[in-house]
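Enquirer: kindly return the folded structure for what I paste below:
(2 chains)
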Amino acid sequence: MRADPADYELIAPGSLSAVVSLLAQLPGEWLPIAGGTDVMVQYAAGKLPCRKLVSLWNLRELRQIEVSDSAVSIGAGSTYTDLCDQEVIRSEFPLLTTAARWTGAVANQNRGTLGGNIVNASPAADSLPALLVYEAELILISARGERHVRYGDFHTGYKQTLLAADELVRAIRLPRQFAEYISYSRKVGARNAQAISKVCIAGLARATGSVVNDIRIAAGSVAPVPMRLRETERAVKGKPISADLVKTASQAAIGEIRPIDDIRSTAAYRSAVVANLVSEFLYSLSADGPRT
Amino acid sequence: MTSHQGRSEISMTVNGIRRTLHVYPMERLLDVLRIQLSLTGVKEGCGEGECGSCSVLLNGTLVTSCLVPVLQAEAASVVTIEGLAQGQQLDVLQDAFLKCGGAQCGICTPGMILAAYQLLETKSHPTLQEVKEGLAGNLCRCTGYSQICESVAEAAADENKR
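Expert: This next block holds a predicted model:
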């Protein structure tokens, strides 16, 4: 049944410190809402258990993108459109801007935020494999102070995260060490725009000739959380691309993912697609193969 | 503004007119525009941000108004399809949609035109692919999209008006 707005409270304190102290007073009572692209869908369907919401939309402290020599720090309230508008992100972290353009369509990209995508913790979220391969770090804030956690450790199970009840993601920090890497990404869904992924994948690699010196691969919609394909990476790292290696790597990928059957796809289809995408990525790295 | 349970007074500018409204903060901007302000050009389709028929410009940015709690529009400027024409003078996009058959049943049309408006603000001469990407969040069940893309191209080509 549709929600009745009279049953809900929403406040907009207007500053990050005010939101953080509110969360500290009643941890777990207040649900933060930024662009609403997930929360409002649950709300409209009458499926939002929380009755007290606090708005993060447009808080200046959460919408800054800071660039230093060593890292780019993206305010968690930055929208997908904000990400695409930043030259440094387009040029050094293209997997992230590609994923941003995959997410919904223009209107959703104008409202959906990177921090929201992380905290919503959907295993199908398009931007999350990119954050995994870029070795992102999250800066979490609460009235107790700030702490830094590796993004790779943040999702602990299906829709479970390390975020405490009184904490917010303040920023996402990306080390500037991948500008020279070859990047690869694919989203497989029913339609290019709006559709939620059946499988999405992000890859980064450096190769000399056909030898893969370094490689990172992550995928979404293939496990309860977005996951790095570490077995696959290990199978490939330091070796020259060959048909045998590609086969070994594809098998490693199938072995380490944990896909399920759901409304969007089947486990068998997802496994076949992941194997094909890993093959395509590796062939694109080989000296004679096509580059993507 | 801090509001508590119960209706609150908030202000926003809608189609150039300053409005003071008594709303529940979690009311959808869509409902406030349609019910309180009778701006029924804002259509409800899916109600979950997938179809684009409730699109409006919020501070000049395309959003689906079904996903905007009205409190987040406080002090903002909102433009709906009703705000696009200058008096009796239709916007160039509206003219183009009429001329090219871009509107059939009309449910998607306000959202399509506003999405196209936002696209032409940033890219005055978009390619067909850019038009398709700009309108990708707006679903139409009548036209098959060709006439809509033609309408946008027609508006973009109309140098006299843009």
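Enquirer: could you give the bridge partners of the spatially most central residue of chain B?
Expert: Nearest to the geometric centre of chain B sits residue B:56, at 3.1 Å (CA atoms, centre = their mean). Beta-bridge pairing for residue B:56 (DSSP bridges): residue B:63.
Enquirer: look up how far residue A:3 lies from it.
Expert: 21 Å (CB to CB, to the nearest Å). All C-beta atoms are positioned from the backbone trio N, CA, C, and that covers glycine.
Enquirer: what does residue A:29 give?
Expert: On the measure of CB to CB, residue A:29 and residue A:3 end up 18 Å apart.
Enquirer: between these two, who's got more neighbours?
Expert: Using other CB atoms under 10 Å in any protein chain shown, the more surrounded residue of residue A:29 and residue A:3 is residue A:3, with 18 against 14.
Enquirer: was I right about the more buried one contacting residue A:44?
Expert: Yes. At 6.4 Å, residue A:3 counts as touching residue A:44 under the criterion of CB atoms under 8 Å.
Enquirer: for residue 15, what are its contacts?
Expert: Unless you meant another one, I'm taking chain A. Residues near residue A:15 by CB atoms under 8 Å, 6 or more residues apart in numbering or on different chains: A:59, A:61.
Enquirer: not what I meant, chain B
Expert: Residues B:39, B:78-80, B:82-83 are the ones in contact with residue B:15 under the rule CB under 8 Å, 6+ apart.
Enquirer: can you give me the strands for chain A?
Expert: Taking DSSP state E to define them, one finds strands in chain A at A:9-11, A:30-33, A:52-55, A:65-67, A:71-75, A:137-142, A:145-150, A:155-157, A:160-161, A:168-175, A:182-188, A:199-208, A:211-220, A:227-228.
Enquirer: should've said chain B
Expert: Per DSSP E, chain B has strands spanning B:8-14, B:17-23, B:55-58, B:61-64, B:77-79. These are given in chain order.
Enquirer: interface residues of the stretch 151-292 of chain A facing chain B?
Expert: When proximity is defined by CB under 8 Å from any CB of the partner chain, the stretch 151-292 of chain A lies next to chain B at A:192-194.
Enquirer: just give me the neighbour total for residue A:125.
Expert: 26.
Enquirer: now do the contacts for it.
Expert: A:117-118, A:220, A:226.
Enquirer: from those, pick the one nearest residue B:98.
Expert: Checking the contacts of residue A:125 against residue B:98 by CB to CB gives residue A:117 as the nearest, at 39.4 Å.
Enquirer: now for the closest one, how many residues are close by?
Expert: 24.
Enquirer: phi and psi next, for the residue in chain B positioned nearest to chain A.
Expert: Chain B approaches chain A most closely through residue B:137 (2.7 Å), counting by CB to the nearest CB. The phi and psi values for residue B:137, taken as degrees, to the nearest 10, are phi -90, psi 10.
Enquirer: residue contacts, it?
Expert: Per CB under 8 Å, 6+ apart, neighbours of residue B:137: A:104-108, A:193-194, B:50-52, B:55, B:64, B:115.
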